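**Q** model this:
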Amino acid sequence: MMKSIIATIIASMVAMQGVSAHAATPLQLSSDVFVEKQVVRADGTRTVVLEKPNLVLPGDNLVFVVKYRNIGTATASNFVVTNPLPQAVAFNGTSDGTEIVSVDGGLKWGALNTLRMANTDGTLRAAQRSDVTHIKWNLNQPLTAGAEGKLIFRGVVK
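**A** Next up is the predicted model:
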């Protein structure tokens, strides 16, 4: 079971290299994932560090970083970055709160608090973070040639 979770996370990291961006100007995307670990310092105090994941377990907190860079010669604007969420990971928010999400594989989008999920009996319930399948950012600010930025989201291993 643990090996399959690790394989899923690693496969998702590789797949995230294909995170999509839509813009008229070429954008380069890359991504990293880190596991959050608490470390006890020599003086007994605790600190949180981010490490490349070798082994992840259910309940581990992950931090995903998607970097974008305008590799074109013109300013890019109004571009979209879409990121699928690995199935083994429950969404746990973003660093900026400007994202919209999908809970149905990318068919419908919105703020999480506006989306609904069907229960087995056909009734609807409010979508939860664990229902999120995709994250999307609509980046409206201009990005000059050579400029870059990053988007950060968090997840918890299921």
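**Q** distance of the most centrally placed residue in the chain from residue 31?
**A** Nearest to the mean C-alpha position of the chain, counting by CA atoms, centre = their mean, stands residue 153 at 4.4 Å. Distance of residue 153 to residue 31, computed by CB to CB, to the nearest Å: 10 Å. Where C-beta positions appear, they are placed from N, C-alpha and C, glycine not excepted.
**Q** list residues touching both of these two?
**A** Overlap of the contact sets of residue 153 and residue 31 (by CB atoms under 8 Å, 6 or more residues apart in numbering) consists of 64, 66, 83.
**Q** of these, closest to residue 136?
**A** Distance to residue 136 across the shared contacts of residue 153 and residue 31 (CB to CB) is lowest for residue 83, with 7.5 Å.
**Q** circling back to that earlier point, which one of the shared contacts of residue 153 and residue 31 is nearest residue 75?
**A** residue 66 (20.3 Å).
**Q** all strands for the chain, in order.
**A** Here the chain has its strands, by DSSP state E, at 20-22, 27-40, 46-51, 61-70, 79-84, 89-94, 100-102, 116-118, 124-126, 134-139, 148-157.
**Q** pLDDT (mean, whole number) over the second one?
**A** Looking back up the chat, that one is strand 27-40. For strand 27-40, mean pLDDT is 91.
**Q** what comes up buried for it?
**A** Residues of strand 27-40 classed as buried by neighbour count (16 or more other CB atoms under 10 Å): 27, 29, 31, 33, 35.
**Q** go on, stretch 105-117?
**A** 109, 112, 115.
**Q** quick one: the first one and residue 103 touch, right?
**A** What that stands for is residue 109. No: using CB atoms under 8 Å, residue 109 is not in contact with residue 103; the gap is 9.5 Å.
**Q** how about residues contacting stretch 141-154?
**A** By CB under 8 Å, 6+ apart, the list of residues contacting stretch 141-154 reads 25, 27, 61-77, 79, 81, 83, 91-96, 99, 135, 137, 139.
**Q** would you list the buried entries among those residues?
**A** Buried members of those, scored by 16+ other CB under 10 Å, are 25, 27, 61-66, 68-70, 72, 76, 79, 81, 83, 91, 94, 99, 135, 137, 139.
**Q** I am finished for the moment; much appreciated.
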